[in-house]
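> Quick one, structure for this:
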Amino acid sequence: MNKKVILIALLFCGTTFSQNNLLWQGYFSYFQITGLAETSNSVIASSENAIFTKNLTSNELKTINSIDGLKAES
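Below you'll find the model as predicted:
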């Protein structure tokens, strides 16, 4: 019984202190654009390993890459 409690506590600690993707940074190349779309207030572009959008009214640039959960095409 005591071993089960220790095992459960260790598993809980392992998942609690696992790495968070907010600490990771990606250094991807955004120079080779493979797709481009434009809406009334934003531009959306895709590269080999990321998608990024630029809001034309606020000049906000947002990137979505594999660190954020974007899956590569296989």
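
> Run a quick neighbour tally on residue 29.
Residues lying near residue 29 (other CB atoms under 10 Å) number 9. The way it works is simple: take the backbone N, C-alpha and C, and place the C-beta from them, glycine included.

> Do a quick rundown of the helices in the chain.
Counting by DSSP state H, the chain has helices at residues 2-16.

> What's the separation between the residue nearest to residue 56 when sequence neighbours are not counted and residue 49?
Excluding the flanking residues, the one nearest residue 56 by CB to CB, 6 or more residues apart in numbering is residue 41, at 5.3 Å. According to CB to CB, to the nearest Å, residue 41 stands 26 Å off from residue 49.

> These two: which is more packed in?
Comparing residue 41 with residue 49 by other CB under 10 Å, the one with more neighbours is residue 49, at 15 against 10.

> List the contacts of that one.
For residue 49, the contacting residues are 28, 29, 65, 66, 70, 72, by CB atoms under 8 Å, 6 or more residues apart in numbering.

> which one among these gets closest to residue 10?
residue 66 (29.9 Å; CB to CB).

> I'd guessed the closest one sits against residue 26; true?
Yes - contact criterion CB atoms under 8 Å: residue 66 and residue 26 qualify, at 7.1 Å.
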